[in-house]
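S.K.: Prediction below, plus the sequence it came from.
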Amino acid sequence: MRIRTPQGLLATAVVAGAVAVVPALAQDLPETRIVSTARATPDKAGTVKHPQGVSITARAELITPRDMDPPIVDRIEVLVGKGLIWNDGKYTKCSKQVLDRQGPSGCPRTSLMGSATATGMADTVAARVDLLIFNGGEARKYVYATLNNPARVREVLTVKSTTLHGSGTWAHQETINVPKSLQIVAGIPLRLTKVHLQIGGKSYAKDFVASTSCPQGGWKYQVTTNYVYETPGQPANNVNNGSIPCTK
């Protein structure tokens, strides 16, 4: 699950204090929503001249009606507001080619910037995906996913970052596509419903994620999660709006 800022990977994760909004065309269908929390340590913001490195921790859970199977996550897009930045071009990186060939052991130790776990079910079998987040260099991060049950899967996901110019609410966009190998496993839909994420704050990369201001209302984000359903007619996505508390 490809899970700037707590930006992307809050995504994977995916992010704080939000309730999903079902599209109007699906108002008569069962509601699917995401409940999540996130915090930054420290929560006191830095400045443009003196950015403050932060560690982001987030938890999220996908809630569906009891009589409906959870959807399969296909794509995650994260918009992040002003006040948080990535310094991905500043620190040691690892390439996708190395991760594909050698796995995490082939990467420099100091290119590891975070981790996450995603849990759920594959039919009646409990499933857990372990995720390691590596710096991929400017505007890119790589997520190494490990699944052992109901089948062994090793996959490298790419988180693409885009800087949004202008004076609007959003400063960055993070996008991650979930490969088919983490949607259907051994012929069984993989339904992941809980995520726990931690990124940033490493001793060797203290300001990989950094704050430069504390906007009114906190560090804002918007997460759009796109789904695949086995039953036609279900809502195609959820949109979450939230913020991470901060102080000046």
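M.R.: Perfect, I can see it now.

S.K.: ok, and the closest non-adjacent residue to A205?
M.R.: Y91 (4.6 Å; CB to CB, 6 or more residues apart in numbering). All C-beta spots, glycine's among them, are computed from the backbone N, C-alpha and C.

S.K.: Give the pairing partners of whatever helix or strand T37 lives in; include direction for each.
M.R.: Assessed by DSSP states H and E, T37 sits inside strand 33-41. According to DSSP bridges, strand 33-41 forms sheet pairs with strand 55-63 (antiparallel).

S.K.: ok now the strand it pairs with, how far from the chain's centre?
M.R.: 9 Å (CA atoms, centre = their mean, to the nearest Å).

S.K.: What residues of it count as buried?
M.R.: 55-60, 62 (16 or more other CB atoms under 10 Å).

S.K.: pLDDT added to the residues you listed, as CSV?
M.R.: Formatted as CSV, the buried residues of strand 55-63 follow (pLDDT from 0 to 100):
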residue, pLDDT
S55, 96
I56, 94
T57, 93
A58, 90
R59, 89
A60, 87
L62, 87
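
S.K.: And those residues, which is closest to L197?
M.R.: Checking those against L197 with CB to CB, the nearest one is A58 at 4.6 Å.

S.K.: show me what contacts A139?
M.R.: 4, 88, 160-163 (CB atoms under 8 Å, 6 or more residues apart in numbering).

S.K.: so which of those would you say is closest to K180?
M.R.: K160 (18.4 Å).

S.K.: Look up which helix or strand that closest one falls in, please.
M.R.: Applying DSSP H and E, one finds K160 within strand 153-163.

S.K.: any idea which helix or strand of the chain has the worst average confidence?
M.R.: Ranking every helix and strand in the chain by mean pLDDT, DSSP states H and E puts helix 7-13 at the bottom, with a mean of 43.

S.K.: returning to that earlier point: hmm, S111 and the residue nearest to A205 touching each other?
M.R.: Yes - in this structure Y91 lies within contact range of S111 using CB atoms under 8 Å: 7.4 Å.

S.K.: any shared contact partners between these two?
M.R.: Common neighbours of Y91 and S111 (CB under 8 Å, 6+ apart) are N135.

S.K.: Of those two, which one has the most company?
M.R.: Neighbours were counted for Y91 and for S111 using other CB atoms under 10 Å; S111 has more, 22 against 19.

S.K.: contacting residues around the more buried one?
M.R.: With CB under 8 Å, 6+ apart, S111 has these contacts: 91-94, 134-135.

S.K.: mind checking pLDDT for the closest residue to it other than its chain neighbours?
M.R.: What sits nearest to S111 in space, not counting adjacent residues and going by CB to CB, 6+ apart, is C94, at 4.1 Å. According to the prediction, C94 has pLDDT 97.

S.K.: Then the one 4 residues further on?
M.R.: pLDDT, V98: 98.

S.K.: so what's the closest residue to V54 other than its chain neighbours up against?
M.R.: Of all residues not flanking V54 in the chain, A40 sits nearest, at 4.6 Å (CB to CB, 6+ apart). Applying CB under 8 Å, 6+ apart, we find A40 in contact with 6, 54-56, 211, 219, 244-246.
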